[in-house]
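Undergrad: model this:
(one chain, ligands or ions: 1)
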Amino acid sequence: MKPNIVILTGAGISQESGIPTFRDSNGLWENHDIMEVASPEGWERNPELVLKFYNLRRKQLKDVQPNEAHKAITKLQEHFPVQVITQNVDDLHERAGNKNVLHLHGELYKVRSEKNPDLIYEWHDDLHIGDLAEDGAQLRPHIVWFGEPVPMITKAAELTANADIFIIVGTSMLVYPAAGLVGYLRSDVQVYYIDPNAKEINIPNPLTVIREKAGTGLPRLVDKLIEQA
Ligand code: APR
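TA: Numbering: from 1, shown residues only. The predicted structure is shown next:
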């Protein structure tokens, strides 16, 4: 049986596509205090600003392309069952052809009712005050903000528990519950961690840290895994 490969990605995998990471920029996200644009309190205080911020992020997404790291995952899935768990809200995994992608923190191209988290819609253009869901409530970005529950974490934990190989790419492993997923791995599962600034992670598993950019480190690891298969 072929090993089941699970890949946890963060902002670093999209960095070479031109999307800035979060914590490399002094706690500012595109010149905004993160709490201003990514918290329920920020939304309550200034919904116009929050909508404008995500409208810009959605526009920016149209100008960027998947990079060699996203493409390497497409190659890997031709040889192994592969599941991606991403903290990213961009769609670069999908556009590169990655098939099984779970978005832990939501998606830029989706919006939802402010009142009912299950009323979710595809949305590729600007979102404005007055754009309403079927229940009459204001639509908001389908993004998990700080302090909000992460509904997809249960599914992500299940997927992680079934991994035979676990690859972490471009995440500071600072934000929970995502960073806690490694705790669900069987202890014999080989873990690879690709990140130029990778810190130690405290797990009993065999761990190989690759301090390289995703666009070079991941294609090389993918070739190695395919060769060994
Ligand atoms: N290749 C690989 N890794 C990179 C690259 C690159 N080219 N460039 C930067 N990195 C690494 C950084 O070294 C850092 O460890 O990517 C990581 C990015 O970390 P963060 O900015 O903390 O992003 P992430 O871990 O995805 O943040 C998690 O926090 O702000 C919230 O909800 C948001 O999903 C996000 C979550």
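Undergrad: need the residues of the protein near the ligand, please.
TA: Those residues of the chain that sit near the ligand, judged by C-beta under 6 Å from any ligand atom, are 10-12, 15-16, 21-24, 87, 105, 170-172, 174-175, 195-197, 213-214. Every C-beta, even on glycine, is put in place using the N, C-alpha and C of the backbone.
Undergrad: go with 5 Å
TA: Contact residues (C-beta under 5 Å from any ligand atom) of the chain with the ligand: 10-12, 15-16, 21-23, 87, 105, 170-172, 175, 195, 197, 213-214.
Undergrad: From those, which land in helices?
TA: Judged by DSSP state H, the subset of the residues of the chain next to the ligand located in helices is G12, Q15, A214.
Undergrad: Not counting its neighbours along the chain, what's nearest the last one?
TA: What sits nearest to A214 in space, not counting adjacent residues and going by C-beta to C-beta, 6 or more residues apart in numbering, is A69, at 3.7 Å.
Undergrad: Please work out how many residues are found near the one you found.
TA: 29 (other C-beta atoms under 10 Å).
Undergrad: my read is it is in a strand, agree?
TA: No: counting by DSSP: H, G, I helix; E, B strand; the rest coil, A69 is not part of a strand but helix.
Undergrad: Would you enumerate the residues in contact with it?
TA: By C-beta atoms under 8 Å, 6 or more residues apart in numbering, the residues touching A69 are I13, E16, V169, G170, A214, G215, G217, L218, P219.
Undergrad: what's the spacing between the third one and I34?
TA: Going from V169 to I34 by C-beta to C-beta, to the nearest Å gives 22 Å.
Undergrad: Likewise for the second one?
TA: Using C-beta to C-beta, we find E16 at a distance of 22 Å from I34.
Undergrad: can you pull out the helices in this protein?
TA: Using DSSP H, helices in the chain cover 12-15, 34-37, 40-45, 47-61, 68-76, 92-95, 153-161, 214-228.
Undergrad: quick one on the thing from earlier: name only those of the ones in helices among the residues of the chain next to the ligand that count as buried.
TA: G12, Q15, A214 (16 or more other C-beta atoms under 10 Å).
Undergrad: how about the closest residue to the second one other than its chain neighbours, what does it touch?
TA: Which is Q15. In this structure, Q15 finds its nearest non-sequential neighbour in T21, 5.5 Å apart by C-beta to C-beta, 6+ apart. The neighbours of T21, taking C-beta under 8 Å, 6+ apart as the test, are G10, A11, G12, Q15, G170.
Undergrad: Likewise for Q77?
TA: If you count contacts by C-beta under 8 Å, 6+ apart, Q77 has them with N98, K99, N100.
Undergrad: The first one - nearest residue in space that isn't next to it in sequence?
TA: Leaving aside its chain neighbours, N98 sits nearest to I73 (4.8 Å; criterion: C-beta to C-beta, 6+ apart).
Undergrad: returning to what we had before: got the phi/psi numbers for the residue nearest to Q15?
TA: Main-chain torsions, T21, degrees, to the nearest 10: phi -80, psi 180.
Undergrad: Show the buried residues in the contacts of Q77.
TA: Those of these that meet the buried threshold are N98, by 16+ other C-beta under 10 Å.
Undergrad: Sweet, I'm off.
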